[in-house]
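>>> Sequence and predicted structure below; questions after.
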Amino acid sequence: MAEKSKKYRKFVYNQAGVMGWYGSSKYNLERFLFLLHRITGIGLILFVIMHILLTSARVNYSLWETVHSFMETPLSHIGMFIVVLALLFHGLNGLRLIINEYGFLLGKPKKPVYPYRKVLKTKGPMSLLAIMIVIGIILLIGIIYEFLLVWGVL
Amino acid sequence: MKESTLRLIQYTLGIVITIAIIFHLQIFTSLIGLGYVQGLTWEAVVSRMSNAFYDALYAILLFAVLTHGLIGIRNILYELVMDAFKRRVITLVLLIIFIILFIYGLVPIVAAGGG
């Protein structure tokens, strides 16, 4: 009982740390998107720091050629592909969050009577998510096309 | 600064980054730009560096991405750390990281702008 109470308190005071992002009994689509948004966000800021350090070499020809030869390796191409996918997800999900959090497409307010309305189960936010998925798929096709060209498949 | 103001900045910069990143990535798309391979050649890089539009774009992108990203990291760390003093240290450290990276990233842009 005491152990259970301790665990509960950890979650209530948000002291579960990073594991608190995963450890939820109510694991729904919204939570999955939240988790993925955070993971891609952390990955992207680490990439941005590396990107700033590497691209600063563009002031000098020989330095740039060293960086360029590194960027032409297959490992670098795969890394860049993952970064672009993360960017695509983070950007589209971020726009969805901004639109929803400003109150657009949320529909009419409803009294908080149990069973509560799940936001993503309502028409507006679900349509917005569907639009973002469609845009994501179209852009994904373009990204895959570009990388197939880079890898010499097309 | 109020947390609500920071959130507003976070959202606004998110939109700014989305617009700026479209201009940045279209260069590396074969359908509407140079393509990934051609866009990274020294000639293409020099050509962009001598273009005032790209200098401005990169300066905006540098500021927006660093601010947006570091506010995001701050939000995550604030959730994990409850102590007020530790939170102030986190903000200060992230601010120092921002200043260092912003200056480091701005130097090549300014150097390019100067010719």
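Everything's here; your move.
>>> Skipping adjacent residues, who's closest to whichever residue of chain B sits closest to chain A in space?
Closest to chain A within chain B is B:Gly69: 3.6 Å, counting by C-beta to the nearest C-beta. Glycine gets a C-beta too; all of them are placed from N, C-alpha and C. Excluding the flanking residues, the one nearest B:Gly69 by C-beta to C-beta, 6 or more residues apart in numbering or on different chains is A:Ile45, at 3.6 Å.
>>> what do you get for A:His77?
Leaving out its chain neighbours, the residue that sits closest to A:His77 by C-beta to C-beta, 6+ apart is A:Val150, at 5.9 Å.
>>> does whichever residue of chain A sits closest to chain B belong to a helix or a strand, and which?
With C-beta to the nearest C-beta, the shortest gap between chain A and chain B falls at A:Ile45, namely 3.6 Å. Using DSSP states H and E, A:Ile45 falls within helix A:29-55.
>>> quick revisit: tell me which helix or strand the residue of chain B closest to chain A sits in.
Assigned by DSSP H and E, B:Gly69 belongs to helix B:52-80.
>>> go on, A:Leu92?
In this structure, A:Leu92 sits in helix A:74-101 according to DSSP H and E.
>>> what's near enough to touch A:Arg96?
Counting by C-beta atoms under 8 Å, 6 or more residues apart in numbering or on different chains, A:Arg96 touches A:Pro125, A:Leu128, A:Leu129, A:Met132.
>>> typed the wrong thing, it's A:Val59
Contacts here follow C-beta under 8 Å, 6+ apart; on that basis A:Val59 touches B:Val107, B:Pro108, B:Ala111, B:Ala112.
>>> give me every residue that touches the residue lying closest to the first one once chain neighbours are set aside.
Meaning B:Val107. Ranked by C-beta to C-beta, 6+ apart and with sequence neighbours excluded, the top spatial neighbour of B:Val107 is A:Ser56, at 7.0 Å. Neighbour list for A:Ser56: B:Tyr104, B:Gly105, B:Val107, B:Pro108 [criterion: C-beta under 8 Å, 6+ apart].
>>> tell me the average confidence for the helix or strand containing B:Leu101?
Using DSSP H and E, B:Leu101 falls within helix B:84-113. Averaging pLDDT along helix B:84-113 gives 93.
>>> do the same with stretch B:25-33
Rounded mean pLDDT across stretch B:25-33 is 91.
>>> Show residues contacting it.
So stretch B:25-33 is contacted by A:Val84, A:Gly142, A:Tyr145, A:Glu146, A:Leu149, B:Leu34, B:Gly35, B:Tyr36, B:Gly39, B:Leu40, B:Ala44, B:Arg48 (C-beta under 8 Å, 6+ apart).
>>> If we use 6 Å, what do you get?
Stretch B:25-33 is contacted from outside by A:Glu146, A:Leu149, B:Leu34, B:Tyr36, B:Gly39, using C-beta atoms under 6 Å, 6 or more residues apart in numbering or on different chains.
>>> Hey, what's the angle from the helix holding B:Leu101 to helix B:52-80? Just curious.
Interaxial angle, helix B:84-113 versus helix B:52-80 (axes from the mean of the first three to the mean of the last three C-alpha atoms, to 10 degrees): 170 degrees.
>>> rewinding a little: I'd like to know which of the contacts of A:Ser56 are buried.
Buried by 16 or more other C-beta atoms under 10 Å in any protein chain shown: B:Gly105, B:Pro108, out of the contacts of A:Ser56.
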